[in-house]
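Visitor: below are the sequence and a predicted model for it; my questions follow.
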Amino acid sequence: MLLLFDIDLTLLTSGGAGEAALHLAGREVIGPSYSHEGLQVAGRLDRLIFADMLALNGVATDEATQERVRERYTHHLGEQLTLTDRKAALPGVHDVLASLRGRTDVVVGVLTGNYERSGRMKLDAVGIDASQFVVQAWCDFAPRVQPKRADLVDVAMRQCEQRTARRLRGKDVVVIGDTHHDVDCAKAHGCFSVGVATGRTSAAELAAAGADCVLESMADVGATLRAFGVA
């Protein structure tokens, strides 16, 4: 079984560091008039977020400008993660990951809209060792043209197949996340989806989006593993 975890508000909260870093990067690249009011962030790929923030401010979304935003965002994220005392792994996360460590019947991975560098920074900041994720599907691996979160499921499944030398089917994969984007990308590949209502999307909304199972949190380790189908 391949378990694919989202990062933000599924495994951890960065305590506002991400939003602060985005604001600082926007002001640095675009200027004092920068605003990201109305920008949709939750569950989306950073590449699309950065493109939209530029477009909202009337700035060309060319590759060079996007890379500038990415570089300044990553720089400020490191600073903001150091400054905030509100960053934390979410309830039960450390225990759930510990219970999966060393199991031969489960492959643990991340599937996230974060670029690899910034995603690793967030994990490190809350004491989650990124090396335990054998499969890693970061925003970096999505196509540059019209990228979609669902593209990362293909990336993750290919990585897992290369490591295990076993062909995967959708039903062999569980996608775990806090938004309808996580549910949607699972459904696109026939994967099982577990919605975790630790973000801005309620349990009822995750169920309405079609999640196969919904958890309020991962605080109950036994219930969480049962939801994943690996108890």
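Guide: It's in.

Visitor: for the residue nearest the centre of the chain, which non-adjacent residue is spatially closest?
Guide: Closest to where the C-alpha atoms of the chain average out (Cα atoms, centre = their mean) is T112, at 2.9 Å. Spatially, and ignoring its direct neighbours in sequence, T112 is nearest to I7 (4.4 Å; Cβ to Cβ, 6 or more residues apart in numbering). Backbone N, C-alpha and C define where each C-beta goes, glycine included.

Visitor: the one you found contacts G109, doesn't it?
Guide: No: using Cβ atoms under 8 Å, I7 makes no contact with G109, being 11.3 Å away.

Visitor: the residue nearest to T112 and G199, how far apart?
Guide: As judged by Cβ to Cβ, to the nearest Å, I7 and G199 stand 11 Å apart.

Visitor: in which helix or strand would I find V69?
Guide: helix 63-83 (DSSP states H and E).

Visitor: now do V214
Guide: Assigned by DSSP H and E, V214 falls in strand 213-215.

Visitor: what mean pLDDT does that strand have?
Guide: Average pLDDT, strand 213-215: 98.

Visitor: just checking, next helix/strand downstream of that strand?
Guide: With elements assigned by DSSP H and E, the helix or strand that comes after strand 213-215 is helix 221-228.

Visitor: give me the contacts around that following helix.
Guide: With contacts defined as Cβ atoms under 8 Å, 6 or more residues apart in numbering, helix 221-228 is touched by 1, 3, 92, 95-96, 99, 174, 176, 194, 213, 215, 218, 231.

Visitor: can you flag the buried ones in these?
Guide: For those, a neighbour count by 16 or more other Cβ atoms under 10 Å gives the buried set as M1, L3, G92, V96, S99, V174, I176, V194, C213, L215, M218.

Visitor: burial of C185, as a residue count?
Guide: 26 (other Cβ atoms under 10 Å).

Visitor: how close does A98 get to G18?
Guide: Plainly put, A98 is 25 Å away from G18 if you go by Cβ to Cβ.

Visitor: repeat for A231
Guide: From A231 to G18 the distance is 33 Å (Cβ to Cβ).

Visitor: hmm, back to that, show me which of I7 and G199 is the more surrounded one.
Guide: Higher neighbour count among I7 and G199: I7, with 25 against 20, using other Cβ under 10 Å.

Visitor: quick one, strands of this protein?
Guide: 2-5, 12-13, 88-89, 107-111, 135-137, 173-177, 192-196, 213-215 (DSSP state E).

Visitor: gap between R226 and S99?
Guide: Applying Cβ to Cβ to R226 and S99 gives a distance of 12 Å.

Visitor: domain ranges for the chain?
Guide: Using automatic domain parsing, the domain ranges for the chain come out as 2-14+89-228, 17-83.
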